[in-house]
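**Q** predicted model and sequence follow; I will ask about them next.
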Amino acid sequence: MHPIAAPTPSTAARTADYGALAQRIRTLAREAGFQRCGISDIALEEDEDHLRDWLAQGLYGSMEWMARHGDKRSRPQQLVPGTLRVVSVGLDYGRDPAQAWDTLADGEQAYVARYALGRDYHKLMRQRLQALADRIAAEVGPFGHRVFVDSAPVLERALARNAGLGWIGKHTCLIDKEGGSWFFLGEIYLDLPLPVDVPASAHCGTCTRCIDVCPTQAITAPNRLDARRCISYLTIEHAGSIDEALRPLIGNRIFGCDDCQLVCPWNKFAKRSDEPDFRVRNDLDRATLADLFAWTEDEFLQRTEGSAIRRSGYERWLRNIAIALGNAPTTPAVIAALESRRDDDNAVVREHVAWALSRHDAVGGSNCAECGTSAAGG
C-alpha cells in the first residue's frame, strides 16, 4: 500500500486530467471485477451527527470499536491525512431468495447469512482494490492512497451513497435502484481532486417491509437499528449468553440474518453472482442443525478456514446452534444432538443446551413423540 503521508499534491495530482482520470478509474474498476464504482468528496457532517446520536443511545451494544475512534469514522481526512476523495466500489454476491426462504421455513436446517456461505469477501475485495490502485498508479504515476474493506473506521455506506452507488434504506443497508442490496463495499482513500459523482437519492417511499419483517424488531424506526436486538449482532458479535426473551425469535438463524433484505422489493433487480470464491462451502445452504452441532472444534476451524464464520468462534457457533435446536421441531435427531452436549465443557454452551432441551420438555429425559422412547437414553 502507499499511505497518504501529507496533504501535498502527489505527482499524479499535479499532472492528471481529472475528468478523464475519473472515467478511467470507473473502467478499471469494472475490469477489476467490480460491478459498481463511484467517487465522492469527504464531507459527512450530517452522517456524523447521526452516528453520534446512535452512539450516545448505546445502540451499538458491546461493539466498543464503534465509539473508540471518535470522529475519524466520519472524517476521512483525520483517518488518512491528505485524503481529498474516496473511490467506492461494489461487488455483487446475490443468491436465490427462494432457496433462502425454504431454509428459513425448515426448522431442522441451519440458516447462514447469504454473504457467509462461501469464502470471506474481505481478502478478495482487498486484493482487487489494491490491484485497482496499482493500475491507476501505473497510468498516472504515484499517488497517495489507502485501501479499506471493513478494516478501519470508515462510514462506507454514507460514502457509497455520496458516490452514487445507492441510498441507505430504512434497514440501514445500501440499495442500488438497478441492483438491489446484495453487494459488498470497499473504498480507496486518495489524494487526487477528482470530480465527484451525484449522490444517490432515496427510493424507499412509504414501504416498511424491512421494519415489519425483522424477527426481533431491531429496526426501531427508519434508518435506526438497535444492534442489541439484531440477530446478526447477537449471533456474530455478541459474546456470552443471549437474552432468553430473544432466543425464540432467532429461529434457525445461526450466523447472521437476511430477512430485511429478502423482503426488499428492490432486490428483484439484484444480480445473481457466480463468483467462484462465493460459491457455497460445506453445503451450508442445506446443512442440518444436528450435523453442524456435531462438528468438533478442530473440524470447525478446518471447515471455516477462509470463511467469515470463523469470526464468531467455536463457542458462539455451538451457542447459536443450540438456540436453533431449541426452536426446531421435536425429532429424534434434534433431541439426540442436544443431549450430546448436555455436559459440554463450556458453561455458555451448557446453558443454552439446557434451555433448548427445556423447550422440548426434555430436560429430565422425557419422551420424544416421534421415536416413542426416552430421548435421554431409554
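**A** Arrived safely, thanks for sending. Note that this is a predicted model, so its numbers are computed, not measured.

**Q** and the nearest residue to Trp182 once chain neighbours are set aside, what are its bridge partners?
**A** Excluding the flanking residues, the one nearest Trp182 by Cβ to Cβ, 6 or more residues apart in numbering is Gly94, at 3.9 Å. The C-beta positions use only the backbone N, C-alpha and C, and glycine is treated the same way. For Gly94, the beta-bridge partners are Arg272 (DSSP bridges).

**Q** give the burial count for Phe255, as a bare number.
**A** 27 (other Cβ atoms under 10 Å).

**Q** correct me, but the residue nearest to Trp182 touches Asp274?
**A** No. Counting by Cβ atoms under 8 Å, Gly94 sits too far from Asp274 to count as a contact (9.9 Å).

**Q** any idea how far the residue nearest to Trp182 lies from Asn267?
**A** From Gly94 over to Asn267 the distance is 8 Å, taken as Cβ to Cβ, to the nearest Å.

**Q** which residues do the two both contact?
**A** Counting by Cβ atoms under 8 Å, 6 or more residues apart in numbering, the contacts common to Gly94 and Asn267 are Gly180, Trp182.

**Q** just the buried positions in stretch 280-290, please.
**A** Residues Arg281, Asn282, Leu284, Asp285, Ala287, Thr288, Leu289, Ala290 are the ones in stretch 280-290 that count as buried (16 or more other Cβ atoms under 10 Å).

**Q** again with stretch 135-148
**A** Arg135, Ile136, Ala137, Val140, Phe143, Gly144, His145, Arg146, Val147, Phe148.

**Q** farthest-separated two in these?
**A** Spatially, the most separated pair among the buried residues of stretch 135-148 is Val140 and Phe148, at 20.8 Å (Cβ to Cβ).

**Q** what element comes up after the lowest-mean-pLDDT helix or strand in the chain heading to the C-terminus?
**A** None of the helices or strands of the chain scores lower by mean pLDDT, DSSP states H and E than helix 11-15, at a mean of 51. For helix 11-15, the succeeding helix or strand toward the C-terminus, using DSSP states H and E, is helix 18-31.

**Q** helices or strands up against that following helix?
**A** Secondary-structure packing of helix 18-31 (3 or more Cβ pairs under 8 Å, 6 or more residues apart in numbering; DSSP states H and E): strand 36-40, strand 85-92, helix 121-140.

**Q** which residues does Gly19 contact?
**A** Pro195.

**Q** and it, how close does it get to Leu55?
**A** Gly19 is 38 Å from Leu55, by Cβ to Cβ.

**Q** likewise for Leu318?
**A** 31 Å.

**Q** next one: Leu124
**A** Relative to Leu55, and taking Cβ to Cβ, Leu124 is found at 31 Å.

**Q** now swap in Arg95 and tell me
**A** Using Cβ to Cβ, Arg95 is found at 33 Å from Leu55.

**Q** what about Gly94 and Asp274, which has more around it?
**A** Gly94 (21 against 9).

**Q** in contact with the more buried one, which residues?
**A** Contacts for Gly94 (Cβ under 8 Å, 6+ apart) come out as Arg114, Gly180, Trp182, Phe183, Asn267, Ala270, Lys271, Arg272, Ser273.

**Q** if we only consider these, which is nearest to Leu44?
**A** Nearest to Leu44 among the contacts of Gly94, with distances taken as Cβ to Cβ, is Phe183, at 21.0 Å.

**Q** thanks a lot, see you next time.
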